[in-house]
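Trainee: Pasted the sequence and its predicted model underneath.
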Amino acid sequence: MSINYKVLGEGFPIVMIHGWTLDHRVMMGCMEPVFSKRDGWKRIYIDLPGMGDSDAPEDIRNSDDMLNEVLSLLDNLVSNNSFLLCGQSYGGYISLGVAHFRKHLLRGICLIAPKVLTDNEHLRRPEKRILKYDNALMAELESRDEADFAEFSVVQGPDEWKRFQKDILPGARVADNEFLARIRQNGYGLSFKPEIGDQLEFPALVITGRQDHVVGYENQLELIERFPRGTFTVLDMAGHNLQIERPKVFEALIHDWLDRIEFATE
């Protein structure tokens, strides 16, 4: 397998899929504080091909290939057993693809600022806004760090910067950009529409940011009929890195999702 992964804990498996150009650290950063207060969960954090410590095989040339690699890994790790799925941004898009092919095994899904469309014609996104400035902080950062942080941050503060520096920058700095450019050029979108399909009757959670100028929030709300057991939340003062900018409400929502799954499996 070309995919690097890290397993923490024991119990019911939950697979974590990060966003474009990042790695498993972004998911660990937001999810491990939740699981430090819960037992009985086996967390599987993966690095998508060409990102983190995963290889960038020549035969992976589009998102269909990326999805097939994830499916192969899941077949090896969880075999024919049930599991949960949690995906962020592009990882949320891939998660919808996994749900299309492995819905008989899924017992719950969580989508964090998920990408649900690849064609800009139908993609609705708000204008970029910064709601909290910290000019002193931004002036202290190196120009590259300042540019990266400013590009995605709706809330600029020392706590948000520390999380961004720890959870996001490391993965972004090691991604194989040549490989990822090839994926974009050859087919960033899947060959089918993973956002369309049968109703999925398991606890779901979709968290979006009201100020997310990267993937928006409106298109994600169209998934509401797909997930009859879904909680849909649009967070104010939150952009694409909503887990960093609204950590308390984010963690509360994850706890609620896991509570609903535990109740459903009793």
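Mentor: Received, thanks.

Trainee: Please count neighbours and contacts with C-alpha atoms only from this point.
Mentor: Fine.

Trainee: Going by neighbour count, which residues in stretch 54-63 are buried?
Mentor: For stretch 54-63, a neighbour-count test (16 or more other CA atoms under 10 Å) marks 54-56, 60-63 as buried.

Trainee: which residue is nearest the middle of this structure?
Mentor: What sits nearest the mean C-alpha location of the chain, by CA atoms, centre = their mean, is Gln88, with 0.7 Å.

Trainee: Enumerate every residue touching the residue nearest to it when sequence neighbours are not counted.
Mentor: Excluding the flanking residues, the one nearest Gln88 by CA to CA, 6 or more residues apart in numbering is Ile112, at 4.5 Å. Ile112 is in contact with 86-89, 92, 206-208, counting by CA atoms under 8 Å, 6 or more residues apart in numbering.

Trainee: at 10 Å instead, please
Mentor: Shown in contact with Ile112 (CA atoms under 10 Å, 6 or more residues apart in numbering): 18-19, 27, 86-92, 205-209, 240-243, 250.

Trainee: among the residues you listed, which ones are buried?
Mentor: Buried, going by 16+ other CA under 10 Å: 18-19, 27, 86-92, 205-209, 240-243, 250, out of the contacts of Ile112.

Trainee: So which of the residues you listed are in helices?
Mentor: 27, 90-92, 242-243, 250 (DSSP state H).

Trainee: Closest one of those residues to Leu200?
Mentor: Each of these was checked against Leu200 using CA to CA; the closest is Gly92, at 15.5 Å.

Trainee: how far away is that closest one from Glu10?
Mentor: Plainly put, Gly92 is 24 Å away from Glu10 if you go by CA to CA, to the nearest Å.

Trainee: how about the helices in the chain?
Mentor: Using DSSP H, helices in the chain cover 24-35, 63-77, 90-102, 135-140, 143-152, 158-163, 169-174, 177-187, 218-221, 242-245, 247-264.

Trainee: Off-centre distance for stretch 223-230?
Mentor: The gap between where stretch 223-230 is centred and where its chain is centred comes out at 18 Å by CA atoms, centre = their mean, to the nearest Å.

Trainee: Give me the contacts around that stretch.
Mentor: 108-110, 116, 195-206, 231-232, 257, 260.

Trainee: and the nearest residue to Asp65 once chain neighbours are set aside, how far is that from Glu140?
Mentor: Nearest residue to Asp65, sequence neighbours excluded (CA to CA, 6+ apart): Asp59, at 7.8 Å. Asp59 sits 43 Å away from Glu140 when distances are taken as CA to CA.

Trainee: sorry, back to before: just the buried ones among the contacts of stretch 223-230, please.
Mentor: Neighbour counting with 16+ other CA under 10 Å marks 108-110, 116, 195, 200, 202-206, 231-232, 257, 260 as buried within these.

Trainee: ok, and what's touching the helix or strand of the chain with the lowest mean pLDDT?
Mentor: Every helix and strand of the chain was ranked by mean pLDDT, DSSP states H and E. The lowest is helix 177-187, at a mean of 91. Residues outside helix 177-187 that contact it (CA under 10 Å, 6+ apart): 20-21, 49-51, 55-58, 60-66, 118, 188-189.
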